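Asks: Coordinates for the following, if possible.
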Amino acid sequence: MKLEFHHINFVSTDVDGLHEFYTEVLGLDVVPQEDFPRTEETENRGYDGQIRFATEGKMQMHLAERDLDVAFKNGQVINPVDRGHIAFRTDDLPALLEILDARGIPYSDYGTAFAKNWHQVFFQDPEGNVVEVHQEVK
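Replies: Presented below is the predicted three-dimensional model:
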């Protein structure tokens, strides 16, 4: 199983202002919205908050609108848009889930509830920081 850093997610009540800071003040490049096809939100699945994207060329920043009800709405425990999270991409998500299960680490499997092309799983590190690991869905 291979992991690589993919993105850092910061949450905000002013996504445009945060995006402006990272792109105009720090000079990161804008990642077009169409590069991130979202899953359509339903009554009990998904997330319709505002998201903007920036990058330095390798790693992305996902700047999302804070939504304290996302976990409840999706029937999950961990909320990835409460305090934000770090994210890794893997080539073998089932192998990671086996490791988490073997170590008794609980996780929230959101599947493709947020992104059409990513199967996303969220869990916490020993300090309570939220970690995402996702695998591209082909």
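
Asks: contacting residues around R45?
Replies: 39, 73-74, 113 (Cβ atoms under 8 Å, 6 or more residues apart in numbering). In short, each C-beta sits where N, CA and C put it, glycine included.

Asks: that's a strand at P94, yeah?
Replies: No - P94 is assigned helix when assessed by DSSP: H, G, I helix; E, B strand; the rest coil, not a strand.

Asks: For it, give me the pLDDT.
Replies: Note for P94: predicted pLDDT of 97.

Asks: Near it, how many other residues are there?
Replies: 10 (other Cβ atoms under 10 Å).

Asks: and for the longest strand along the chain, what are the contacting residues?
Replies: In the chain, taking DSSP state E as the definition, the longest strand is strand 3-12. Contacts with strand 3-12, where a contact means Cβ under 8 Å, 6+ apart, come from 18, 59-66, 80-90, 96, 132-134.

Asks: Looks like V131 contacts Q120 (just checking).
Replies: No - checked against Cβ atoms under 8 Å, the pair V131 and Q120 is beyond contact range at 11.0 Å.
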